[in-house]
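*Asks:* Provided below are the primary sequence and the corresponding predicted coordinates.
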Amino acid sequence: MASIPRFRKLCIVEPAKCSSSLGSESFEKPKGDEKQSLESPISAQKVKRDKRQLPKKEWRCIDTCCWIIGYMCTTWWLLLFLFNCLPANLPGLTRLPDPPGARLKREGLTALHPVVLVPGIVTGGLELWEGKPCSEGLFRKRIWGGSFTEIFKRPLCWLEHLSLDNETGLDPPGIRVRAVPGLVAADYFAPGYFVWAILIENLAKIGYDGKNMYMAAYDWRLSFQNTEMRDQALSRLKSKIELMHLTNGQKKVVVVPHSMGVIYFLHFLKWVEATPPMGGGGGPDWCNKHIKAIMNIGPALLGVPKAVGNLFSAESKDVAFIRAMAPGLLDSKTLGLQTLEHAMRVFRTWDSVISLLPKGGETIWGNLDSSPEEGHECDSLKKRQLQASLSNNKGNNSDTKRVFQVKELTKYGRIISFGMAASELPSSQFSTLASKGISSSTGNKSCGNVWTEYDEMSQESISRVAEKKAFTAETLIDLLRLVAPKMMQRAEAHFSHGIAENLDDPKYDHFKYWSNPLETKLPNAPDMEIYCLYGTGIPTERSYVYKLSPSVRCNNIPFQIDSTADGSSNGCLKGGVYFADGDESVPVLSAGYMCAKGWRGRTRFNPFAIATYIREFEHKPPTSLLEGRGIESGAHVDIMGNVAMIEDVLRVAAGASGEELGGDKIYSDIMRMSERIDIKL
């Protein structure tokens, strides 16, 4: 019996030889020689020679990618395990404070007003109801939000089912994807990565449950009006608010939207007042009767520059960083993945992304030479030194002026610049090419199976885009009309990005204006309150330095962020991206302006003087592993676990007013920025 393992070992070393021996007569030996033949050793020299003859496995780039992804996933799950398993009372570890819900319950707070949660873009789950043959076995399973295992199993099939029809902005033929209903729609984005879960748990601690708390899930890919046309999402939200108001003692509802959910609910406010068939027929007093407060978390009220990068080149700072670290990974001709082209194809079918383009043009976001954030100091050390210098020289105006004179001003108004010089030079020094208009001329290089509208542009048109040098919030709309005319024609039927001159003009009764706070009025609800709650102190994408893509591969995206553009004097430019203050996704300017000035008091955008409050949360990174993503984080999604923000929501839900919360709480320069914006109020 002892000889059997040794024999098996020989079969592993020489599988071909062993298998042939097993079927040959030469293996049959006299009984007396059996033991000797099985135990005959193979010389080390022969084994070594055979091993040298085995073909060597070629290490490929895809192997490296798989190993990197494996290491990242392993590290993530290990950290998640430690976070959930380590006791909070270990020696040397700071004990976390009690959850705000438990603490406020001890103070006597209880559930009073029903609460409606409105998720933003990307964070809500989507499930499959009808699909192509490649989606077999996925009926009513999540294809967005959850484990994302289908990405690795069948990536092209997965992308096909996440896309919308490029002509209609609705379901493609043979595919139906719908929003996951209920609180589970957006409590966690992926296992262990919370979105609304912490807030829901704390609301539950003071008495909330399914009868007085509701998640208004919707298909965040669609234009806002199309969520009503296809799914009756706005009608169901209206009915749910009315039911909760009726079954909870006529108590008004507190609405808590997040990110893009803020402008989605702004659209709802106009829809519910408007007459059918375009509106919900609630009448002019519906909001005042049913809504106590709207607590906007991380509001993208005036759009986000990040949406420009996603639509123009399928990029953001993270993609630009990957390109800089591994130049061939996303653009490799050998691998042929066309990752960014596939991403752009999907992005450009989601009309909701168009809703996030910067609104208000140069009046809000600045022109070629100035912007509201002018003078922002990105380097935190320099910022503290500047503040100390100003504090020490309050009585010395000449010193204060000298501090600002030596400071180089970042030209944030140039949301897209071609070349680092174009992002810094005064506009008067641009070449004459910069003043020329750009027009579209179609090319004839359509090929491949990844649709992007770039393959319909001529090389001449592509070159003229770069020659234009810089684009502001106004001219980049024209730029997108040039590079993606089909997308913009479809999407601009549902969204607008300007500033209304006369809000009484009947044209503003159309739904395309309802999600733009600069082209619509707040409802007749003087008893309602509006809050802007958002994080500050995190570098946030504000504008980009671009270059022509060096690749000429078929269907290639011809523009990319220039990751080599770096090293501005005040640290605002890193890897081709200019940063300003914000919550990592939404600049302070977009999140705070309407509550700081646009809606403050009685204005033409707020004719009934609804009270507005700014509640900022200065970002503080986690101090220990036990804090997870941070109990004082101001990041765009992580703020949903910020204990101070959760406490504000709970107190208002329990009956407190903005004045009882303490009014405004401001850390950023939002008030100074707002004063620099010259807009008729």
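*Replies:* Noted; the coordinates are in hand.
*Asks:* Could you give the number of residues near Leu533?
*Replies:* The tally of other residues near Leu533 (other CB atoms under 10 Å) stands at 25. Just so you know, the C-beta spots here come from the backbone N, C-alpha and C atoms, and that holds for glycine as well.
*Asks:* Now it: phi and psi?
*Replies:* phi -110, psi 120 (degrees, to the nearest 10).
*Asks:* Show me the beta-bridge partners of it.
*Replies:* Ile297, Arg615 (DSSP bridges).
*Asks:* That one reaches Val262, doesn't it?
*Replies:* No. Leu533 lies out of contact with Val262 (CB atoms under 8 Å); the separation is 10.3 Å.
*Asks:* Name the residues contacting each of these two.
*Replies:* The contact sets of Leu533 and Val262 overlap at 296-298 (CB atoms under 8 Å, 6 or more residues apart in numbering).
*Asks:* Of the residues you listed, just say which sits nearest to Gly120.
*Replies:* Nearest to Gly120 among the shared contacts of Leu533 and Val262, counting by CB to CB, is Gly298 at 7.6 Å.
*Asks:* need the contact list for the closest one.
*Replies:* Contacts for Gly298 (CB under 8 Å, 6+ apart) come out as 120, 258-259, 262, 533-535, 583, 585-586, 591, 636-637, 639.
*Asks:* one more time with 6 Å
*Replies:* For Gly298, the contact set (CB atoms under 6 Å, 6 or more residues apart in numbering) comprises 258-259, 534, 583, 586, 636.
*Asks:* circling back: for the shared contacts of Leu533 and Val262, give me TSV that also has distance to Tyr578 and pLDDT.
*Replies:* Below are the shared contacts of Leu533 and Val262 laid out as TSV (distance: CB to CB, whole Å; pLDDT from 0 to 100):
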residue	distance to Tyr578	pLDDT
Asn296	26	98
Ile297	25	98
Gly298	21	98
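*Asks:* sorry, back to before: most neighbours out of the contacts of Gly298, which is it?
*Replies:* The residue in these with the most neighbours, by other CB under 10 Å, is Tyr534 (32 neighbours).
*Asks:* so that residue sits right up against Tyr593, yeah?
*Replies:* No. Applying CB atoms under 6 Å, one finds Tyr534 not in contact with Tyr593, separated by 11.4 Å.
*Asks:* Mind checking which of the contacts of Gly298 are in strands?
*Replies:* With DSSP state E as the criterion, strands contain Tyr534 from among the contacts of Gly298.
*Asks:* Using CSV, lay out the contacts of Gly298 together with distance to Glu675 and pLDDT.
*Replies:* Converted to CSV, these look like this (distance: CB to CB, whole Å; pLDDT from 0 to 100):
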residue, distance to Glu675, pLDDT
His258, 28, 98
Ser259, 26, 97
Tyr534, 19, 98
Asp583, 22, 97
Val586, 20, 97
His636, 26, 96
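*Asks:* and which of the contacts of Gly298 is nearest to Phe418?
*Replies:* Phe418 has its nearest neighbour among the contacts of Gly298 in Val586, at 25.4 Å by CB to CB.
*Asks:* wait, that closest one sits on Lys306?
*Replies:* No. Between Val586 and Lys306 there is no contact under CB under 6 Å: 8.5 Å.
*Asks:* Mutual contacts of these two, please.
*Replies:* With CB under 6 Å, 6+ apart as the test, Val586 and Lys306 reach no residue in common.
*Asks:* circling back to that earlier point, keep only those of the contacts of Gly298 that are in helices.
*Replies:* Among the contacts of Gly298, none falls in helices (DSSP state H).
*Asks:* Distance to Glu160 added to the contacts of Gly298, as a markdown table?
*Replies:* Putting the contacts of Gly298 into a markdown table (distance: CB to CB, whole Å) gives the following:
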| residue | distance to Glu160 |
| --- | --- |
| His258 | 28 |
| Ser259 | 26 |
| Tyr534 | 36 |
| Asp583 | 33 |
| Val586 | 30 |
| His636 | 29 |
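*Asks:* State the distance from Glu127 to Thr612.
*Replies:* Using CB to CB, to the nearest Å, Glu127 is found at 37 Å from Thr612.
*Asks:* How about the contacts made by Asn166?
*Replies:* Thr349.
*Asks:* Next, it: phi, psi?
*Replies:* According to degrees, to the nearest 10, Asn166 has phi -70, psi -20.
*Asks:* ok, now the one 3 residues further on?
*Replies:* Backbone torsions for Gly169, taken as degrees, to the nearest 10, come to phi 70, psi 10.
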